[in-house]
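Student: pasting the structure only:
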């Protein structure tokens, strides 16, 4: 079994209106030290044993989990030994 | 300067319809090994130097970045030495 953590973020060149809105809200709440906020998706997948898990996860990211036109993705795969 | 990574996820007890939808889509695309998908938010904050950064970040999470009724949050703070 595998636990996979996927991080999907907007590319640097892409405007992040959601991040700007959160940043403004934090400033309103007196957290003036906040200089930038970028918001993305964090996904936790549980996978049954499978061969070539890395290639499969990369495919899932490329095909569905990330919009590679405007987003970057990274992932961490952790094998979980079922007791 | 600090780079802060915040992870906000739904509590285990809370149904994740978005995660179920993604899981079904992956199954349709023949990724049958996917047993569960949980979707959350991933935020990158850039903070100017500030005292007690950990307490401030915790406050931001509690007050705005996470809905602590249905979400859990965790964060990592990395000090960035400006060149």
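Tutor: Received, thanks. Predicted, not measured: the structure shown is a model, and the values here were computed from it. Numbers count the residues shown, from 1 in each chain, chains lettered A, B, ... in the order given.

Student: Pull the residues that contact stretch A:41-56.
Tutor: A:1-8, A:57, A:60, A:65, A:77, B:7-9, B:19, B:22, B:31, B:33-42 (CB atoms under 8 Å, 6 or more residues apart in numbering or on different chains). From N, CA and C alone the C-beta is placed, and that goes for glycine too.

Student: Is it possible to mark the buried ones in these?
Tutor: A:2, A:4, A:6-8, A:57, A:60, A:65, B:7-9, B:19, B:22, B:31, B:33-34, B:37-42 (16 or more other CB atoms under 10 Å in any protein chain shown).

Student: related to what we said a few turns ago, out of the contacts of stretch A:41-56, which are inside strands?
Tutor: Members of the contacts of stretch A:41-56 lying in strands (criterion: DSSP state E): A:2-8, A:77, B:7-9, B:34-42.

Student: in what helix or strand does the residue nearest to residue A:4 when sequence neighbours are not counted lie?
Tutor: Leaving aside its sequence neighbours, residue A:4 sits nearest to residue A:45 (CB to CB, 6 or more residues apart in numbering or on different chains; 4.2 Å). Using DSSP states H and E, residue A:45 falls within strand A:34-47.

Student: any idea of the mean pLDDT in stretch A:13-26?
Tutor: The average of the pLDDT scores along stretch A:13-26 is 96.

Student: Quick one: neighbours of the residue nearest to residue A:4, just the number.
Tutor: 26 (other CB atoms under 10 Å in any protein chain shown).

Student: before we move on, what about residue A:28?
Tutor: So residue A:28, with other CB under 10 Å, has 10 neighbours.

Student: OK, contacts around it?
Tutor: No contacts exist for residue A:28 under CB under 8 Å, 6+ apart.

Student: and with 10 Å instead?
Tutor: residue B:64 (CB atoms under 10 Å, 6 or more residues apart in numbering or on different chains).
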